[in-house]
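Visitor: Any chance you could fold what I've pasted below:
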Amino acid sequence: MKTSTIADAENNLSHLIHQLEVEEPIHLTRYGKPVAVMMSENQYQKLVSAPKSINSAILNWRSQLDEESDVGLTSNELNAIRKESVGCEFSRNK
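Guide: Numbering: from 1, shown residues only. Here you go, the predicted structure:
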């Protein structure tokens with residue numbers, strides 16, 4: 001993630017806002033320590049919008065991962081697990 005001092009952000013605010021529209025968020029630092037984050041409106045809306053279901057949250061999270069990522073399972077791994085999986089039987093007690 002890109003960083004900028006608060007003083008630099010004040011002097012280059014217009015430039016930083018243009019960068020936010022095409023790049024990732026920017027950490028603002030004071031005396032070398034992160035104190036705030038600037039992000040685009042689109043990134044902010046993704047962050048604050050509540051998913052409608054756990055499934056949509058998982059699908060949204062997976063869509064943000066790339067196949068090279070070390071986080072989570074790849075589509076091929078997940079599909080292989082699903083194929084090997086034995087379904088569970090549920091009974092309803094009345």
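
Visitor: what about Glu10, neighbour count?
Guide: Applying other Cβ atoms under 10 Å, we find 11 residues neighbouring Glu10. For glycine as for every other residue, the C-beta is placed from the backbone atoms N, C-alpha and C.

Visitor: Pull up the gap between it and Leu20, please.
Guide: Glu10 sits 15 Å away from Leu20 when distances are taken as Cβ to Cβ, to the nearest Å.

Visitor: Give me the pLDDT for the residue lying closest to Glu21 once chain neighbours are set aside.
Guide: Distances taken as Cβ to Cβ, 6 or more residues apart in numbering place Ser40 nearest to Glu21, at 5.5 Å, with adjacent residues excluded. pLDDT for Ser40: 93.

Visitor: which residues does Asn79 contact?
Guide: Listed by Cβ atoms under 8 Å, 6 or more residues apart in numbering, Asn79 has no contact partners.

Visitor: List the buried residues of the helix or strand hosting it.
Guide: Using DSSP states H and E, Asn79 falls within helix 75-84. Across helix 75-84, burial judged by 16 or more other Cβ atoms under 10 Å covers no residue at all.
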